[in-house]
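**Q** generate coordinates for the sequence data below:
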Amino acid sequence: MATDRKAVNKRKVRALLAGGLVLGIGAAVTLAAWTDNVFGDAQFKTGSWNLQGSFDGLTTWGEYQVDASAGHFQFSTGFNTLAPGTTVYAPVALRIGPTASTFGATVQLLGATGGDADLKPALRYSVYRGVSSTACTAAGIGAGTAWVGTTASPVALTAGSGSDVALLGTGVPVELCFAVTLPPESTPRSCRARTPGACSGSSPASPPPDACVVTRRMRQVYALAASGLVLGIGATTVAASWVDSTMGDASFRTGTFGIESNVGGGWSSHASSAPGIFTYTPSALLIRPGAFSYGPISLRTVPVSPAASVTLQAATVAGDSTLASALRYRVVKSTTCDASAFSTGTPQFVVGSATVFPSLSTGSAVGAIALPAVGASPGAAVALCFEISLPGTSANWSNSALIGKTATPTWQFSATP
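**A** Numbering: from 1, shown residues only. Model (predicted):
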């Protein structure tokens, strides 16, 4: 019995040990289950922004990042027929877009590139901030803040802004107004080379031969493609890839300018090498003391030319100087060309007056004849009547040096826009 009891106790011990092994394993698993972890992560992303430009009054927005796809300035009437003294205007707007950004930007305007070698150096421009597209005119531009040059002191097209304009990340546009002008003193290089001084400050009383005006057509036309009036955007404190650009271009062209005359044989430019010949009635070839002769001429602007201000220069005379000094003349605006044109109603005198008979060495007042312009057609004609006389004084009647002599006066009509 004792032996059997010992055997039973051994089995119990083994069972307890086995159970204890099981409990030990179970405790280990339980401890592991009471260990836990918490993980955290985050994402980082660079912000973005984009510069856009509008050239049509905030209606259309685009990227315009390279010359080939540049936006086109929409300049006011006259950009393709520029004459000295002409200024044209165009609105431009910039923004961060099309969606808002947490980043703003600073804008710098770079000078224009490309363009005609004659016209581009002559053009000047200015840019004003805070001018709406509807106010981008001669009357409205002054309400803005000058950014590049001023309307009174515009700068060369190659000049940049020198300062920055800030754009807000909210997408609020900044409106600009560009003004481009061909200064009054500008003269196309080809004209200057051919007739020095003719178009820039020469004296009306002594014009050079074959001047840029004088009833001849001045048809030198120049084109300027100001490709790349570049609006460069840069945030200088970050990498170069954070720089964006908006490009704008424009083309400017000087207009055709000239006048022509008609002395009875049709309209012609009548250059100094082939002047129009007056037809006088009665014939000036039979003039005597106390006699008067009358010759008509009409002037007009050529097609597409702007209006012209015309000055009649003093005559240059070939032939006998004694006869030339004795002759007198007057000029009136009139479609009738006889004695009545100088005495009926209120004559519009260009040279002389009802009581004054000037010598051939006298010209008209500057701009005495105004020629209108009519777009693509020739301008309306302005008719003139010349009166030539040899006063019937006793000195002329008794001066044998006047008998059988010939004098040929040539008058020059000088026109400016």
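**Q** would you map the helices across the stretch 251-400 of the chain?
**A** 321-326, 394-397 (DSSP state H, counting those that start in this stretch).
**Q** so what secondary structure elements neighbour the helix or strand following the last one?
**A** Scanning forward in sequence from helix 394-397, with DSSP states H and E defining helices and strands, the next element found is strand 407-410. Helices and strands touching strand 407-410, by 3 or more Cβ pairs under 8 Å, 6 or more residues apart in numbering; DSSP states H and E, are strand 316-319, helix 321-326. Just so you know, the C-beta spots here come from the backbone N, C-alpha and C atoms, and that holds for glycine as well.
**Q** could I get the average pLDDT for strand 407-410?
**A** The average pLDDT within strand 407-410 is 92.
**Q** buried ones in that strand, by neighbour count?
**A** Across strand 407-410, burial judged by 16 or more other Cβ atoms under 10 Å covers 407, 409.
**Q** pairing partners for it, with directions?
**A** strand 316-319 (antiparallel) (DSSP bridges).
**Q** neighbours around the nearest residue to residue 164 once chain neighbours are set aside, how many?
**A** Computed as Cβ to Cβ, 6 or more residues apart in numbering, the closest residue to residue 164 that is not its neighbour in sequence is residue 106, at 4.0 Å. Using other Cβ atoms under 10 Å, residue 106 has 14 neighbouring residues.
**Q** got the CA positions of the helix or strand hosting residue 106 in CSV?
**A** Taking DSSP H and E as the criterion, residue 106 maps to strand 105-109. Only the C-alpha atoms of strand 105-109 are listed here, as CSV (Å, rounded to 0.1, in the frame of the first residue of the first chain):
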residue,chain,number,x,y,z
ALA,A,105,5.5,87.3,-55.1
THR,A,106,7.5,90.3,-56.2
VAL,A,107,7.4,91.4,-59.8
GLN,A,108,10.3,93.0,-61.8
LEU,A,109,9.9,94.4,-65.3
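**Q** what's it packed up against?
**A** Short answer (3+ Cβ pairs under 8 Å, 6+ apart): strand 105-109 packs on strand 165-167, strand 229-233.
**Q** residue 174 and residue 379, how far apart?
**A** 43 Å (Cβ to Cβ, to the nearest Å).
**Q** so where do the helices sit in the stretch 51-200 of the chain?
**A** Under DSSP H, counting those that start in this stretch, the stretch 51-200 of the chain gives helices at 189-194.
**Q** surely residue 83 meets residue 181?
**A** No - using Cβ atoms under 8 Å, residue 83 is not in contact with residue 181; the gap is 10.8 Å.
**Q** confidence-wise, which helix or strand of the chain is lowest on average?
**A** Lowest on mean pLDDT, DSSP states H and E among the helices and strands of the chain sits strand 223-225, with a mean of 28.
**Q** in contact with the residue nearest to residue 366 when sequence neighbours are not counted, which residues?
**A** Nearest non-adjacent residue to residue 366, counting by Cβ to Cβ, 6+ apart: residue 311, 5.1 Å away. By Cβ atoms under 8 Å, 6 or more residues apart in numbering, residue 311 lies in contact with 204, 363-369, 413-415.
**Q** so what's residue 180 bridging to?
**A** Applying DSSP bridges, one finds that residue 180 bridges with residue 88, residue 125.
**Q** how many residues are close by it?
**A** 27.
**Q** all numbers from here: first residue = 50
**A** Shifting the count to begin at 50 puts that one at residue 229.
**Q** state the pLDDT value of residue 136.
**A** According to the model, residue 136 scores 94 on pLDDT.
**Q** now residue 84
**A** So residue 84 comes in at 66 (pLDDT).
**Q** so who does residue 426 touch?
**A** residue 352.
**Q** from residue 309, how far off is it?
**A** From residue 426 over to residue 309 (counting by Cβ to Cβ), the distance is 13 Å.
**Q** quickly, which of the helices and strands packed on strand 154-158 bottoms out on average pLDDT?
**A** Among the helices and strands packed on strand 154-158, strand 278-282 scores lowest, at a mean of 33.
**Q** near residue 125, how many other residues are there?
**A** Residues near residue 125, counting by other Cβ under 10 Å: 15.
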